[in-house]
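Undergrad: pasting the sequence and the predicted coordinates here, then a few questions.
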Amino acid sequence: MIATLRNKIEAVPMNDVNKTLRLITRYAWVGSGVLFVCYSYFVGAITFTVINQRAVEQTNKILVSSMSDQERVYLKNQQQLNESYASSIGLVKGTAVAFAVARPAVAWNVGQ
């Protein structure tokens, strides 16, 4: 059996083996290049995503701080609101407001 296999290997011209090896080498280099490009793309995408996320977090901190400052200003100004201030900016006292009160309705279920 070994002799048969050896005869078959020797029967194959070396030129075909060299072409096959060159083809395999070329595909290996192309595959390695494609994998390197994919690796570089994903590393870059992850890096830029992390940078963008940090920028969003920083913007969020700034907005929360600004919102806190605005709440302090609102609470300070809310204490100063009274009738004399309202009349000084042109507001007038309104009439009494009446609201409707919900009461249970009387209904008959006819036809069921």
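TA: Received, thanks.
Undergrad: using CSV, list the CA coordinates for the lowest-mean-pLDDT helix or strand in the chain.
TA: Across the helices and strands of the chain, mean confidence by mean pLDDT, DSSP states H and E is lowest for helix 2-11: a mean of 73. Presented in CSV, the C-alpha positions along helix 2-11 are these (Å, rounded to 0.1, in the frame of the first residue of the first chain):
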residue,chain,number,x,y,z
ILE,A,2,2.8,2.4,0.8
ALA,A,3,4.5,1.6,-2.4
THR,A,4,1.2,2.3,-4.3
LEU,A,5,0.9,5.7,-2.5
ARG,A,6,4.6,6.5,-3.3
ASN,A,7,4.0,5.6,-6.9
LYS,A,8,1.0,7.9,-7.1
ILE,A,9,2.9,10.8,-5.5
GLU,A,10,5.9,10.4,-7.8
ALA,A,11,3.5,10.3,-10.8
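Undergrad: need the next SSE after it, C-terminal direction.
TA: Sequence-wise, the next helix or strand beyond helix 2-11 is helix 14-79, with elements assigned using DSSP states H and E.
Undergrad: distance between that next one and the chain's centre?
TA: Taking Cα atoms, centre = their mean, to the nearest Å, one finds the center of helix 14-79 at 12 Å from the center of the full chain.
Undergrad: what's the average pLDDT for that helix?
TA: Confidence over helix 14-79 (mean pLDDT, whole number) is 92.
Undergrad: which other helices and strands contact that helix?
TA: Using 3 or more Cβ pairs under 8 Å, 6 or more residues apart in numbering; DSSP states H and E, no helix or strand is in contact with helix 14-79. Using the backbone N, CA and C atoms, a C-beta is placed for each residue, glycine as well.
Undergrad: picking that back up, any idea of the angle the least confident helix or strand of the chain forms with helix 14-79?
TA: Following axes from the mean of the first three to the mean of the last three Cα atoms, to 10 degrees, one obtains 80 degrees for the angle between helix 2-11 and helix 14-79.
Undergrad: elements contacting helix 2-11?
TA: For helix 2-11, where contacts count as 3+ Cβ pairs under 8 Å, 6+ apart, there are no packed helices or strands.
Undergrad: cheers, nothing more for now.
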